[in-house]
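S.K.: Following is a predicted model, sequence given first.
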Amino acid sequence: MATKNLLVELLVEELPPKALKTLGASFAHALLENLQAHGLASEHSAVTAFATPRRLGAHVSTVRNQADKRAVSQKLMPVSVGLDAQGQATAALLKKLTSLGIDVSVLPQLKRQMDGKSEALYFDSVVAGATLAEGLQKSIDETLARLPIPKVMQYQLEDGWTSVNFVRPAHSLVALWGAEVVPVQALGLHAGRHTQGHRFAAAINPVVLQDADHYERQMQEQGAVIASFSARHGEIARQLSAAAPQGLEPIDDASLLDEVTALVERPHVLLCRFDPEFLAVPQECLVLTMKANQKYFPLVDADGKLTNKFLVVSNIQPDDASRVVSGNERVVRPRLADAKFFFDKDRQIPLKDRVDGLDKVVYHAKLGTMGQRVQRVRSIAQAIGRQLGGDTLAAQSDHAAMLAKADLLTDMVGEFPELQGTMGRYYALHDGETNEVADAIEDHYKPRFAGDTLPRGEIGVVLALADKLEILVGLFSVGQAPTGDKDPFALRRHALGLIRVLIERDLPFKVEHLVGETVGIFDRRGLAATGSLTAVTEFVYGRLAASLRDQGYSAQEVEAVLARRDDLPFKETFKRIEAVRVFSQMPESASLAAANKRVQNILNKTEGAWGHSVDVARFEQPAEQALHDALLYVDQRAQAALGRGDYTESLQELTALKAPVDTFFDSVMVNVEDNAMRANRLGLLALLHGAMNRVADLSKLAT
């Protein structure tokens with residue numbers, strides 16, 4: 001079979017920029033997988049994806065013009081239906097063969113094979129592989145059907161009658177196998193070799209493609225288009241760095257860079273400026289305005305401070321760029337003026353005077369207004385603050401909680417919801433609040449995402465815990481727990497934020513205690529939340545377990561540590577699981593884990609038949625005395641290490657028990673007929689079980 005490289009390109013109207021990167025990758029990889037499934041591409045075939053605002057494309061190497069022949073075994077019908085009592089073909093079998101285009105002369109070649117509980121007739125044959133046109137047609141159809149299109153639109157073809165569903169109207173289809181056009185169709189289009197270059201800068205339009213391998217070069221030289229998303233992405237990054245004045249650099253924003261890459265086909269970066277007077281506005285506002293509305297790259301100095309310069313990625317390269325620069329400077333001015341207007345106007349009303357307005361904002365139909373939510377957060381913050389720092393911290397946390405949501409009523413946050421908390425901090429400082437309170441107003445949303453920073457001060461820590469606890473308990477109590485992959489209120493993120501604050505701030509709280517206090521506050525306010533106590537607690541521990549597994553700990557290690565959670569403050573979690581990991585890698589661990597599981601099973605089966613004391617006078621076997629002596633020595637050392645917080649050493653001390661434990665089980669019968677002796681031996685095992693499981697339930701490590 002001959003092989004050549006294949007190019008497929010679909011020219012469309014402007015694709016949604018935030019989805020382009022995913023669409024381009026999906027189109028290319030799905031096309032390769034389908035070609036491989038049809039036997040036209042091998043496992044060694046490589047695919048190169050192309051994606052611009054107006055095209056999706058893929059270059060696939062070493063594609064065959066026809067797939068190999070393949071053996072097919074076709075089930076016809078049960079033997080009892082196809083053959084009569086004399087073994088001759090029935091009319092039903094003859095009709096079936098005729099319908100399949102099979103000559104009756106193949107009757108002697110039919111195979112009898114078990115199909116479940118009965119025999120069936122099968123016809124084995126060798127069929128020709130799919131041709132390139134056949135296989136590519138199916139591959140394109142299957143690829144387009146699998147594209148992760150965010151929103152499908154319907155449009156009519158030129159005949160005025162036929163409707164097509166796709167992400168955007170398509171205008172041309174290219175399918176080249178080497179230099180040959182493959183006769184396939186898609187979205188009402190017939191494949192050819194013509195495509196469109198850049199709308200304004202193309203040297204030749206349409207571009208007549210020479211062959212599959214010259215596509216990328218022709219598009220760049222004749223069409224003025226960088227067809228590869230990754231190449232265009234890299235070129236924009238290079239130009240941004242080169243265009244930044246010395247000492248300045250564009251703000252680091254990967255999603256913005258992806259989006260701009262999806263907006264241009266021939267990038268050209270230009271340096272622009274805005275009036276320095278706007279720098280009086282908080283830089284978060286200006287940055288968000290330029291990024292979200294205009295897709296500009298603000299420039300910051302070495303200290304991260306915003307300057308009045310920014311970079312624009314243009315889709316054209318004019319001989320005189322001054323008009324493009326002045327146009328972008330003119331466009332951004334009213335945006336920045338709006339931000340300045342909002343900022344100046346918002347500061348005229350102190351945050352404390354906005355608090356009452358929260359009573360008119362609905363938070364949740366079953367949980368009341370935002371004002372009522374703030375009251376619950378205040379109560380939770382007071383309780384946590386009092387435990388963490390006494391009455392002073394409780395009062396400070398209460399005051400910060402009262403103001404924390406007030407910026408939701410400001411014009412700036414109304415325009416840019418992403419700035420909630422951030423603007424509250426600026427307005428609090430303007431109102432004369434302390435830095436600690438202002439920081440807490442901004443930080444109580446933290447961590448907002450994976451890798452985000454944590455609250456800076458104690459007040460912020462208290463407020464962040466209170467806010468997340470109120471959300472979790474409140475929404476669980478009204479039946480809004482996450483289901484499957486649906487989590488509309490981001491409760492998983494809030495639970496992970498709660499976990500991070502507790503662990504990374506080394507707080508002494510237990511989740512059960514915090515959730516219990518929060519439930520009590522809800523109940524006292526007439527919102528029945530008692531039923532959510534267990535559900536919220538289990539949910540948080542479930543997120544902790546998932547987080548630990550994501551960090552590389554095994555499921556057994558996670559289960560071993562969390563099984564002892566009754567006496568486990570969150571801050572100790574990582575210390576204990578690291579100790580368990582070290583222990584699990586020691587040669588004695590497997591034997592001790594198995595023995596621990598055996599002890600646990602014995603004790604579970606004989607519950608109530610033993611006490612917690614051991615009478616050494618009742619020992620009859622040397623192995624009993626040896627285990628008891630070793631246990632007293634090891635347990636004393638293990639508890640001493642545990643008291644110092646050295647969980648690793650505490651577990652390592654247990655390795656000395658391997659030999660006496662093994663000897664005990666080899667030579668001692670526990671469940672003897674003598675009740676007193678059996679109870680004494682069970683008591684010894686109970687002491688062993690307690691000593692071995694203070695740090696973690698080691699039985700979970702047993703395979």
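M.R.: Looks like it arrived, so ask away.
S.K.: Please count neighbours and contacts with C-alpha atoms only from this point.
M.R.: OK.
S.K.: Residue 264 is in contact with residue 314, correct?
M.R.: Yes. Here residue 314 lies in contact with residue 264, judged by Cα atoms under 8 Å, at a distance of 7.2 Å.
S.K.: Now the helix or strand where residue 438 lies: average pLDDT?
M.R.: Element membership of residue 438, judged by DSSP states H and E, is helix 435-443. Confidence for helix 435-443, expressed as mean pLDDT, is 97.
S.K.: Okay, now the unreliable bits of the protein?
M.R.: Applying pLDDT under 70 to the chain flags residues 1, 566-568, 607-612, 703.
S.K.: Any idea which residue is closest to the centre of this protein?
M.R.: With distances taken as Cα atoms, centre = their mean, the residue of the chain nearest its centroid is residue 450 (9.5 Å).
S.K.: And residue 299, its phi and psi?
M.R.: Note on residue 299: its backbone torsions stand at phi -110, psi 130 [degrees, to the nearest 10].
S.K.: ok, the closest residue to it other than its chain neighbours - how many residues close by?
M.R.: Beyond its immediate neighbours in the sequence, the residue positioned closest to residue 299 (Cα to Cα, 6 or more residues apart in numbering) is residue 250, lying 4.5 Å away. Residues contacting residue 250 under the criterion other Cα atoms under 10 Å number 22.
S.K.: who's in contact with residue 250?
M.R.: Contact analysis of residue 250 by Cα atoms under 8 Å, 6 or more residues apart in numbering lists 240, 241, 244, 297, 298, 299, 300, 310, 311.
S.K.: How about residue 590?
M.R.: 584, 701, 702.
S.K.: Checking it next. Helix, strand or coil?
M.R.: Remark: residue 590 carries the secondary structure label helix [criterion: DSSP: H, G, I helix; E, B strand; the rest coil].
S.K.: Kindly report the same for residue 363.
M.R.: Residue 363 is classified as strand under three-state DSSP.
S.K.: Just give me the neighbour total for residue 356.
M.R.: Taking other Cα under 10 Å as the criterion, the count of residues near residue 356 is 13.
S.K.: Isn't it up against residue 370?
M.R.: No. Shown here, residue 356 and residue 370 do not form a contact pair, counting by Cα under 8 Å, at 9.9 Å.
S.K.: coming back round to it: could you check the distance from the residue nearest to residue 299 over to residue 663?
M.R.: Here the distance between residue 250 and residue 663 works out to 69 Å (Cα to Cα, to the nearest Å).
S.K.: ok, how many other residues are close to residue 66?
M.R.: Taking other Cα under 10 Å as the criterion, the count of residues near residue 66 is 21.
S.K.: Identify the residues contacting the residue nearest to it when sequence neighbours are not counted.
M.R.: Nearest non-adjacent residue to residue 66, counting by Cα to Cα, 6+ apart: residue 131, 4.2 Å away. For residue 131, the set of contacting residues under the criterion of Cα under 8 Å, 6+ apart consists of 65, 66, 67.
S.K.: So residue 272: helix, strand or coil?
M.R.: strand.
S.K.: Can you verify my assumption that it contacts residue 311?
M.R.: Yes. Residue 272 is within contact range of residue 311, at 6.0 Å (criterion: Cα under 8 Å).
S.K.: okay, those two: which has more neighbours?
M.R.: Between residue 272 and residue 311, counting by other Cα under 10 Å, residue 311 is the more crowded of the two (26 against 19).
S.K.: which residues pair with the more buried one across the strands?
M.R.: Applying DSSP bridges to residue 311 yields these beta-bridge partners: residue 271, residue 297.
S.K.: ok, it - contacts?
M.R.: Under the criterion of Cα under 8 Å, 6+ apart, the neighbours of residue 311 are 240, 243, 244, 250, 269, 270, 271, 272, 296, 297, 298, 299.
S.K.: Residue 677: what secondary structure?
M.R.: Classification of residue 677 by three-state DSSP places it in helix.
S.K.: how close does residue 42 get to residue 282?
M.R.: Separation of residue 42 from residue 282 (Cα to Cα) stands at 56 Å.
S.K.: nope, residue 362 is what I meant
M.R.: For residue 362, the distance to residue 282 (Cα to Cα) stands at 29 Å.
S.K.: With residue 238 instead?
M.R.: Spatial separation of residue 238 from residue 282 under the definition Cα to Cα is 29 Å.
S.K.: Neighbour count: those two, which is higher?
M.R.: Neighbour comparison, residue 238 and residue 282: the larger count goes to residue 282, with 16 against 12 (by other Cα under 10 Å).
S.K.: Look up the closest residue to that one, ignoring the ones flanking it.
M.R.: Of all residues not flanking residue 282 in the chain, residue 426 sits nearest, at 7.9 Å (Cα to Cα, 6+ apart).
S.K.: quick one: which helix or strand includes that neighbour?
M.R.: Using DSSP H and E, residue 426 maps to helix 422-430.
S.K.: how far out from the middle of the chain is that helix?
M.R.: Put simply, helix 422-430 sits 32 Å off its chain's centre (Cα atoms, centre = their mean, to the nearest Å).
S.K.: what does stretch 228-236 give?
M.R.: On Cα atoms, centre = their mean, the centre of stretch 228-236 falls 25 Å from that of its chain.
S.K.: Okay, buried residues for that stretch please.
M.R.: Neighbour-count burial for stretch 228-236 flags 228, 229, 230, 232, 233, 235, 236 (criterion: 16 or more other Cα atoms under 10 Å).
S.K.: for those residues, which one is nearest residue 208?
M.R.: Nearest to residue 208 among the buried residues of stretch 228-236: residue 228, at 18.4 Å, using Cα to Cα.
S.K.: Give me the phi and psi angles of the residue of the chain positioned farthest from its centre.
M.R.: Relative to the C-alpha centroid of the chain, counting by Cα atoms, centre = their mean, residue 86 is the outermost residue, at 64.8 Å. Geometry field for residue 86 lists phi and psi as phi -90, psi 0, criterion degrees, to the nearest 10.
S.K.: who touches stretch 550-567?
M.R.: Contacts made with stretch 550-567 from outside it, assessed by Cα under 8 Å, 6+ apart, are listed as 545, 548-549, 573, 576-577, 580-581, 694-701.
S.K.: And these, which of them are buried?
M.R.: The neighbour-count test (16+ other Cα under 10 Å) applied to the contacts of stretch 550-567 identifies 545, 548, 573, 576-577, 580-581, 694-701 as buried.
S.K.: Looking at those, which one is closest to residue 625?
M.R.: Using Cα to Cα, residue 694 comes nearest to residue 625 of the buried ones among the contacts of stretch 550-567, at 22.7 Å.
S.K.: Neighbours of the residue lying closest to that closest one once chain neighbours are set aside, how many?
M.R.: Residue nearest to residue 694 in three dimensions, not counting chain neighbours: residue 564, with 7.7 Å by Cα to Cα, 6+ apart. Neighbourhood size, residue 564 [other Cα under 10 Å]: 14.
S.K.: Max pairwise distance over the buried ones among the contacts of stretch 550-567: which two?
M.R.: Across the buried ones among the contacts of stretch 550-567, no pair lies farther apart than 548 and 694, at 20.1 Å, counting by Cα to Cα.
S.K.: ok now do residue 699, which residues does it touch?
M.R.: When contacts are counted by Cα under 8 Å, 6+ apart, residue 699 touches 560, 593, 594, 595, 596, 597, 600.
S.K.: Count the residues that sit near the last one.
M.R.: The criterion is other Cα under 10 Å. On that basis, residue 600 has 16 neighbouring residues.
S.K.: Not counting sequence-adjacent ones, nearest residue to it?
M.R.: Counting by Cα to Cα, 6+ apart, the nearest residue to residue 600 once its immediate chain neighbours are dropped is residue 689, at 7.1 Å.
S.K.: where's the one you found, which helix or strand?
M.R.: Assigned by DSSP H and E, residue 689 belongs to helix 675-692.
S.K.: In that helix, which residues are buried?
M.R.: 677-689, 691-692.
S.K.: got the contact list for the helix holding residue 426?
M.R.: When contacts are taken as Cα under 8 Å, 6+ apart, the neighbours of helix 422-430 outside the stretch itself are 282, 346-347, 350-351, 404-407, 412-413, 434-435, 437-442.
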